[in-house]
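[1] coords please:
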Amino acid sequence: MKKIALIAHDKKKSELLAWVLVNKAELSQHQLIATGTTGQLIAKESGLQVQLVESGPYGGDIQIGAEMVENKINALIFFWDPLEPQPHDPDVKALLRVSVLKNIPTASNRATADLLIHSQFFN
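    Reported below is the predicted structural model:
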């Protein structure tokens, strides 16, 4: 069982939710953690159990980053919006920096998320 972090910026939440619904059976085999608003949406629409942290702008990205530092996250699915400025951009950059430093598989779009979750190396 892996611990997968799920995060999406506002304009990408519906895209992440659609991906989760398609991959619900696979994701149900793992522990999920998500930032507040995204996690609530996923839990409500999919019925999957999701550990919630704060919303991204309120420190959720930092909370997930801290779990990465402690080697408690095995994969990051982060559908971020490269065209929309974020008020918590330094937190987003820190989260992505930690994912690289800790060698955590990270997907930032649906194509990469599909490759990650269905890889023979993931399980």
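
[2] And the top helix by length along the chain, what's buried?
    Longest helix in the chain, counting residues (DSSP state H): helix 89-101. For helix 89-101, a neighbour-count test (16 or more other CB atoms under 10 Å) marks 91-92, 95-96, 98-99 as buried. Where C-beta positions appear, they are placed from N, C-alpha and C, glycine not excepted.

[3] try stretch 75-91
    Neighbour count says stretch 75-91 has 75-80, 86, 88, 91 buried, by 16+ other CB under 10 Å.

[4] which among the residues you listed gets closest to Ala5?
    Leu76 (4.8 Å; CB to CB).

[5] so what does the lowest-mean-pLDDT helix or strand in the chain touch, helix or strand wise?
    Lowest mean confidence among the helices and strands of the chain (mean pLDDT, DSSP states H and E): helix 89-101, at a mean of 92. Helices and strands touching helix 89-101, by 3 or more CB pairs under 8 Å, 6 or more residues apart in numbering; DSSP states H and E, are helix 60-69, strand 75-79, strand 106-107.
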